[in-house]
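J.: Build me a model:
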Amino acid sequence: MILIVLVNVIGITMGQVDIEKLHKIYRECVNYCKQNNLPFQFKVDSGNFETAIEFTAIGYHHPPKSKSWEESKQQGNEIKCPDILEFEHRIVIEYEEEPKPGKRMGKLGKKGHTPESVKDTHRDMLYRIAGFRLLKIWESEYKENSYEKKLYEFLDDCYSKKVIK
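T.: Residues are numbered from 1 along each chain as shown. Predicted coordinates for the structure are as follows:
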């Protein structure tokens, strides 16, 4: 498995802290799968369409068939770039930042992740309709190191429920 270096998300530069957090979650996925012989091969979003999924009226494609975000929109399609993707087995992991007290959107607006916003609810609905399993790891879970158990249970559940084709 190749570790993809994160540079940015959807054309917007991520901070070094966000990159490190996402890498840590990604490494946990990879290491857990190796240790437990799970057949998952994850990719990490670097903002260059590595994890891009294009949703069309008749299905979804990875990589997208459109050459750009604009072309996809012109065709009435949507492209979403999950933070971590295992496309073959339809697994998506999103790192979700929580708003800081007193700051509406603040840092969140930069990444485009507002907790349970209309944007995220729509994104999550697209994933569900296409049959993807979605795990959200919240910033507070990351800080408390409580996400690991949740991640491991999710990966085991994906494997045991035969998400595998």
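
J.: Do you have the strands of the chain handy? List them.
T.: Ranges of strands within the chain are 8-9, 12-13, 43-44, 53-56, 59-61, 78-80, 84-86, 91-96, 133-138, based on DSSP state E.

J.: For these, give me JSON lines that also has mean pLDDT, distance to Y159 and mean neighbour count.
T.: Quick note: C-beta positions are derived from backbone N, CA and C, even for glycine. JSON lines is the format used below for these (pLDDT from 0 to 100; distance: least, CB to CB, whole Å; neighbours: other CB atoms under 10 Å):
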{"stretch": "strand 8-9", "mean pLDDT": "34", "distance to Y159": "28", "mean neighbour count": "18"}
{"stretch": "strand 12-13", "mean pLDDT": "43", "distance to Y159": "33", "mean neighbour count": "12"}
{"stretch": "strand 43-44", "mean pLDDT": "92", "distance to Y159": "18", "mean neighbour count": "22"}
{"stretch": "strand 53-56", "mean pLDDT": "96", "distance to Y159": "21", "mean neighbour count": "20"}
{"stretch": "strand 59-61", "mean pLDDT": "94", "distance to Y159": "22", "mean neighbour count": "16"}
{"stretch": "strand 78-80", "mean pLDDT": "94", "distance to Y159": "24", "mean neighbour count": "20"}
{"stretch": "strand 84-86", "mean pLDDT": "96", "distance to Y159": "11", "mean neighbour count": "24"}
{"stretch": "strand 91-96", "mean pLDDT": "94", "distance to Y159": "10", "mean neighbour count": "22"}
{"stretch": "strand 133-138", "mean pLDDT": "96", "distance to Y159": "11", "mean neighbour count": "19"}
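
J.: out of these, which comes closest to L126?
T.: Set against L126 and scored by CB to CB, the strands of the chain come closest in strand 53-56, at 5.1 Å.

J.: picking up where we left off before, take the strands of the chain and write them to TSV, including distance to F154.
T.: TSV is the format used below for the strands of the chain (distance: least, CB to CB, whole Å):
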stretch	distance to F154
strand 8-9	22
strand 12-13	27
strand 43-44	17
strand 53-56	19
strand 59-61	21
strand 78-80	19
strand 84-86	11
strand 91-96	8
strand 133-138	5
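
J.: And those strands: which comes nearest Y26?
T.: In terms of CB to CB, the element of these nearest to Y26 is strand 43-44, at 4.8 Å.

J.: Thanks again, I'm all set now.
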